[in-house]
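Novice: using only what follows, build the 3D model:
(2 chains)
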2 protein chains.
Amino acid sequence: MTHTTHRLVLEARAQDLLFRQARTVDRFTDEPVPDETVRAIHDLVRHGPTAFNQQPLRMCLLRSQESRSRLAGHLSRSNREKTLAAPLTVLLAVDNEFHRRLPDQFPQFPGAMDLFSEKRMVRERSALLNGALQAAYFIIGIRAAGLAAGPMSGFDEDGVNREFFPDGKWSALLVVNIGRPAGTGPRPRGPRLAYDEVSTTL
Amino acid sequence: MTHTTHRLVLEARAQDLLFRQARTVDRFTDEPVPDETVRAIHDLVRHGPTAFNQQPLRMCLLRSQESRSRLAGHLSRSNREKTLAAPLTVLLAVDNEFHRRLPDQFPQFPGAMDLFSEKRMVRERSALLNGALQAAYFIIGIRAAGLAAGPMSGFDEDGVNREFFPDGKWSALLVVNIGRPAGTGPRPRGPRLAYDEVSTTL
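Specialist: Residues are numbered from 1 along each chain as shown, chains lettered A, B, ... in the order given. Below is the predicted model:
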């Protein structure tokens, strides 16, 4: 427990579960991660905020050997083996056509869809930013389920997009392996920047 | 409590604090948000994972009337008044030169810096993605402190960048108001997409 743990309302045990003890994991046990667990994670983290409630994140659960192999061909070498061995791999993507649903998702501002409809670049940036917010909620949710996440951006994006999303509507964002940690545990945590290195007061 | 609450390890009370009861807030009480609280939030959420441990997120705490006014001129009209009235406004940005620190932050892969050094576009995309992950951790951290967040992307990015980051090293990501909710509470929560609408199994 650090000297700041007690300044938060969230209990120390929950702080540990989600952040302080939680670690990115490369090696998992064989214990399966059932759909019900992913549903429960989603049911929690879907409440996280996005701009205009746009919710661009989409999840492809790669459960077949075939889909896992299709992905593996586009991963960096260091990510390949651990992904093929993980009990569950989720390919996170964003829906670049999210704006079509804004009239339902954000009815209080009927003009929201028009902000995006003719601006593919603006839309893609918004989907990337808000999809990444949701990806982070998802990582937190995996930990909330008592599991470990192994998020990876080390893959050939264009290759994955051609392989899985050939119509261009979705774009790959992140690959996340999920399961229970195995073995001797992860390598030591990398150094984190101090508050005074990342913050400034104006 | 929904039928999925009990499937998670995180206690129901913490689920409520961070996701189920937490809401984006527009109107806050006058209670100040001291630096110590922001430090405590950072001390928790800095542990969240980023690619190559790159940690591109930077925080500008706009505490002076002058800095708040400088920002306000670039906000959409609906975001202006609530931002000027919030007890604390944080301008979140990303450091597009994050790669220079990778030799310290990710020593296990000495070549990491070179992946980014001559590719400004790749770097900016990585900073955006990973900065957004960290922004989401920060929002969760605000809630963990018992406070409410009002994150906003409705601002003139180019204008804010010229105003605050004229040398081009940092880029504005998100503006987040922080404080204790006031008044009759937020509007009803917007509808969230169901699991079967956002997930697919391959």
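
Novice: the lengthiest helix in chain A near chain B at all?
Specialist: In terms of residue count, the longest helix belonging to chain A (DSSP state H) is helix A:120-144. Yes: Helix A:120-144 reaches chain B (Cβ under 8 Å from any Cβ of the partner chain) through A:125-126, A:128-130, A:132-137, A:139-141, A:143-144. In short, each C-beta sits where N, CA and C put it, glycine included.

Novice: in that helix, which residues are buried?
Specialist: A:123-124, A:126-144 (16 or more other Cβ atoms under 10 Å in any protein chain shown).

Novice: now stretch A:89-109
Specialist: Buried positions in stretch A:89-109, judged by neighbour count with 16+ other Cβ under 10 Å: A:89-99, A:101-102, A:105-106.

Novice: which outside residues touch stretch A:76-87?
Specialist: When contacts are defined by Cβ atoms under 8 Å, 6 or more residues apart in numbering or on different chains, stretch A:76-87 is touched by residues A:26-33, A:68-69, A:71-72, A:75, A:89, A:150, A:152, A:154-155, A:175, A:177-180.

Novice: pull out the buried residues from that stretch.
Specialist: A:N79, A:R80, A:K82, A:T83, A:A85, A:A86, A:P87.

Novice: which of those residues fall within helices?
Specialist: Using DSSP H, these in helices are A:N79, A:R80, A:K82, A:T83, A:A85.

Novice: quick one: average confidence on stretch A:136-154?
Specialist: What stretch A:136-154 shows for mean pLDDT is 96.

Novice: hang on, I meant stretch A:22-30
Specialist: 94.

Novice: check stretch A:113-124 too.
Specialist: The average pLDDT for stretch A:113-124 rounds to 92.

Novice: what segments of chain A are helices?
Specialist: A:12-15, A:35-45, A:65-72, A:77-85, A:102-105, A:112-117, A:120-144, A:157-164, A:195-198.

Novice: residue closest to the middle of chain A?
Specialist: A:A135 (2.7 Å; Cα atoms, centre = their mean).

Novice: isn't that residue right up against A:L173?
Specialist: Yes: between A:A135 and A:L173 there is a contact under Cβ atoms under 8 Å: 6.0 Å.

Novice: overlap in contacts of those two?
Specialist: A:L57, A:L92.

Novice: hang on, the earlier thing: in ChimeraX, how would I select the buried members of the contacts of stretch A:76-87?
Specialist: Here the buried members of the contacts of stretch A:76-87 are turned into a ChimeraX selection, burial being counted by 16+ other Cβ under 10 Å:
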select /A:26,27,28,33,68,71,72,75,89,150,152,155,175,177,178,179
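
Novice: the contacts of stretch A:76-87 also near chain B: which ones?
Specialist: Of the residues in the contacts of stretch A:76-87, proximity to chain B by Cβ under 8 Å from any Cβ holds for A:M152, A:G154.

Novice: dump the helices of chain A into TSV; add distance to B:L44 as well.
Specialist: Below are these laid out as TSV (distance: least, Cβ to Cβ, whole Å):
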stretch	distance to B:L44
helix A:12-15	6
helix A:35-45	17
helix A:65-72	33
helix A:77-85	27
helix A:102-105	30
helix A:112-117	33
helix A:120-144	12
helix A:157-164	31
helix A:195-198	11
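
Novice: minimum distance to A:Q54: which of those helices has it?
Specialist: helix A:120-144 (5.5 Å; Cβ to Cβ).

Novice: now the closest one against helix A:35-45, angle please.
Specialist: Interaxial angle, helix A:120-144 versus helix A:35-45 (axes from the mean of the first three to the mean of the last three Cα atoms, to 10 degrees): 110 degrees.

Novice: on the pLDDT front, check A:S78 for me.
Specialist: Note on A:S78: pLDDT of 86.

Novice: among the buried residues of stretch A:89-109, name the ones in strands.
Specialist: A:T89, A:V90, A:L91, A:L92, A:A93, A:V94, A:D95 (DSSP state E).

Novice: which residues touch the last one?
Specialist: Going back to what we said before, that points to A:D95. Neighbouring residues of A:D95 by Cβ under 8 Å, 6+ apart: A:P56, A:L57, A:R58, A:A127, A:K169, A:W170.

Novice: next one: the fourth one
Specialist: Residues touching A:L92, when contacts are defined by Cβ under 8 Å, 6+ apart, comprise A:L57, A:R58, A:M59, A:C60, A:G131, A:A135, A:F138, A:A172, A:L173, A:L174, A:V175, A:V176.

Novice: who's in contact with the closest residue to the first one other than its chain neighbours?
Specialist: The one in question is A:L57. Excluding the flanking residues, the one nearest A:L57 by Cβ to Cβ, 6 or more residues apart in numbering or on different chains is A:Q134, at 3.8 Å. Going by Cβ under 8 Å, 6+ apart, A:Q134 touches A:V45, A:G48, A:T50, A:Q55, A:P56, A:L57, B:A136.

Novice: as JSON lines, these with distance to B:I41 would be great.
Specialist: Output for the contacts of A:Q134, formatted as JSON lines (distance: Cβ to Cβ, whole Å):
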{"residue": "A:V45", "distance to B:I41": "19"}
{"residue": "A:G48", "distance to B:I41": "16"}
{"residue": "A:T50", "distance to B:I41": "20"}
{"residue": "A:Q55", "distance to B:I41": "25"}
{"residue": "A:P56", "distance to B:I41": "26"}
{"residue": "A:L57", "distance to B:I41": "24"}
{"residue": "B:A136", "distance to B:I41": "13"}
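
Novice: ok, of these, which one's closest to A:S117?
Specialist: Nearest member of the contacts of A:Q134 to A:S117, counting by Cβ to Cβ, is A:P56, at 14.8 Å.

Novice: verify the stated contact: the closest one with A:A127.
Specialist: Yes: between A:P56 and A:A127 there is a contact at 4.2 Å, judged by Cβ under 8 Å.

Novice: residues shared between the contacts of the two?
Specialist: Joint contacts of A:P56 and A:A127 (Cβ under 8 Å, 6+ apart) are A:V94, A:D95, A:N96, A:F98.
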